[in-house]
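Asks: The sequence and its predicted three-dimensional model are supplied below.
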Amino acid sequence: MTPPKADPKDQLLDAALLHVPFDGWSPATFDAAVKDSGLDPALARALCPRGAVDLAVAYHKRGDVRMLEALAEADLSEMRFRDRIAKALRLRLEAGDRETIRRGSTLFALPHHAPEGARLIWETCDAIWTALGDTSDDVNWYSKRATLSGVYSATLLYWLGDTSEGHGATWSFLDRRIDDVMQIEKLKAQVRESPTLSRLMAGPNWLLSQIKAPRSVRDADLPGRWTPPR
């Protein structure tokens, strides 16, 4: 039986990873990847119209896939939910090479690539929440992903500069950030349970209740939908 052929874009990405630590996600890296992979330059450009930028995006998404695979194999049954989130974020950071990720962070920090970088982080956090069984269909769908995006971004930057053994300082930093988020959730619960504050927040809460999550993140071009009052 003839083994299936490797995906051309994966071949190109694998070839590029040998050059990224030295040349970043640059035209030089893309040209070297085309040469090393043996792909037709026209095919390579068709697969990656933006060259190395598209390969950087593919590398990020490959990390998401690896994180989800590792998360599916992990035993989370005895973990508190906040520890499951920490586990997922740790698996995501460990799903790639640190220098390669550093180069990607530099690329997506550029003003003209920053929106795409933000989108990739959002997709990573959406993948985590979905994998952990989130079923929210209101404004909480957005707030959960926005909050986790902030935690992930901050932890990523800390991890890139962490020289502690086994990145222990990073995991402590991550735990503190999640604890901060849990404090916010406790405050929100206190507001909901207070009759006085509940009355004061009745208007804003009604407005927020009209915001719905996308029916399908993959099928929707817009970040969400608005349900008008009847």
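Replies: Yep, that arrived.
Asks: Show me the strands in the protein, by range?
Replies: For the chain, the strands defined by DSSP state E occupy 211-212, 225-226.
Asks: Which of those strands comes out lowest on mean pLDDT?
Replies: Among the strands of the chain, strand 225-226 carries the lowest mean pLDDT, at a mean of 44.
Asks: middle-most residue in this protein, spatially?
Replies: The structure's the chain has its C-alpha centroid closest to T124; by CA atoms, centre = their mean the separation is 2.2 Å.
Asks: Give me the nearest residue to that one, chain neighbours excluded.
Replies: Once flanking residues are discounted, T124 sits nearest to D64: 5.4 Å by CB to CB, 6 or more residues apart in numbering. C-beta: built from backbone N, CA, C; applies to glycine.
Asks: Tell me how far the nearest residue to A70 once chain neighbours are set aside lies from A131.
Replies: Nearest non-adjacent residue to A70, counting by CB to CB, 6+ apart: L91, 4.7 Å away. Look at L91 and A131: by CB to CB, to the nearest Å, they are 10 Å apart.
Asks: Settle it for me: which of these two has more neighbours?
Replies: Neighbour count, other CB atoms under 10 Å: between L91 and A131, L91 has more, with 19 against 16.
Asks: list the contacts for that one?
Replies: If a contact means CB atoms under 8 Å, 6 or more residues apart in numbering, then L91 has 67, 70-71, 74 as its contacts.
Asks: Repeat the analysis, applying 7 Å as the threshold.
Replies: Contacts for L91 were tallied using CB atoms under 7 Å, 6 or more residues apart in numbering; they are 67, 70-71.
Asks: out of those residues, which are inside helices?
Replies: Secondary structure defined by DSSP state H assigns 67, 70-71 of the contacts of L91 to helices.
Asks: Drop anything exposed from those residues.
Replies: Taking 16 or more other CB atoms under 10 Å as the criterion, what is buried in the ones in helices among the contacts of L91 is 67, 70-71.
Asks: possible to save the residues you listed as CSV with distance to D138 and pLDDT?
Replies: Formatted as CSV, those follow (distance: CB to CB, whole Å; pLDDT from 0 to 100):
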residue, distance to D138, pLDDT
M67, 26, 97
A70, 30, 97
L71, 25, 95
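Asks: TSV for these, including distance to V57?
Replies: Listed next are those as TSV, based on distance: CB to CB, whole Å:
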residue	distance to V57
M67	16
A70	21
L71	21
